[in-house]
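Student: quick one: sequence plus predicted model below, questions after.
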Amino acid sequence: MDADRDDAAKLGKGDTSGLAGLMNRHQDRLFRYLLRLVGDTSVAEDVFQQTWLNVAERIRRYDPARPFAPWLVTVARNLALDQLRRRKMLSLEEAEEPLAPASASDPHERAMARQSAARVDAALGALGPLDREVLTLRFEDELELPELAATLAVPLPTAKARLYRALERLRAKLLTSPAPGGRR
């Protein structure tokens, strides 16, 4: 995105309006991503702030020939994983994170959607942060597989494998969790 490159160049020259522009475009998505990854609002807020500080300090490392968003997510991801390791708050295989319930026009459909969302939420919460990360990037942030691979800084086959494994783990959790009304 040209606006990202322009703002990154401004920031590299010490113009803080560049940082403001980058933040305006990326802050919501970045915070959602961090919240999914770390599973705790206060930790996500801390990592979010540290990410933008690192962006401001390290903007000269950004390659303007590449999209800004994957570089930003990589900075955030590294900080988040470091934070998880440091705090030993969560292992890399266990964490919780809620999903927003789906909406529907019919009250019965809304109730069913809420129950389904709660079930998916519980299954996602039972997954580790790395599985939640790949699922969030692919399905909430709607990254295509090449973008997913670039964001995770892994080869495309590795990104596909991580996504497949995360989907299989989510599927297994959903199959073993009780359905609304106690059915499976």
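Tutor: Arrived safely.
Student: does residue 129 touch residue 84 like I think?
Tutor: Yes - with contact defined as C-beta atoms under 8 Å, residue 129 counts as touching residue 84 (6.6 Å). No exception for glycine: its C-beta is placed from N, CA and C like everyone else's.
Student: show me what the helix or strand hosting residue 82 packs onto, helices and strands only.
Tutor: Residue 82 is part of helix 68-87, with elements assigned from DSSP states H and E. Helix 68-87 sits against helix 2-12, helix 17-38, helix 41-58, helix 129-135, helix 145-152, with contacts defined as 3 or more C-beta pairs under 8 Å, 6 or more residues apart in numbering; DSSP states H and E.
Student: now do it against helix 17-38, angle only.
Tutor: 50 degrees (axes from the mean of the first three to the mean of the last three C-alpha atoms, to 10 degrees).
Student: any idea which residue sits dead centre in this structure?
Tutor: With distances taken as C-alpha atoms, centre = their mean, residue 33 lies nearest the centre of the chain, 2.5 Å away.
Student: what distance do you get for that one to residue 170?
Tutor: 18 Å (C-beta to C-beta, to the nearest Å).
Student: likewise for residue 30?
Tutor: 23 Å.
Student: more crowded one of these two?
Tutor: Looking at residue 30 and residue 170 with other C-beta atoms under 10 Å, you find the greater number of neighbours at residue 30, namely 24 against 18.
Student: give me the below-cutoff pLDDT ranges for the protein.
Tutor: The model of the chain has pLDDT under 70 over residues 1, 87-114, 177-184.
Student: let's see it at 50
Tutor: By pLDDT under 50, the weakly predicted segments of the chain are 89-104, 184.
Student: and it, what are its domain boundaries?
Tutor: The chain resolves into domains spanning 2-87, 107-182 when parsed by automatic domain parsing.
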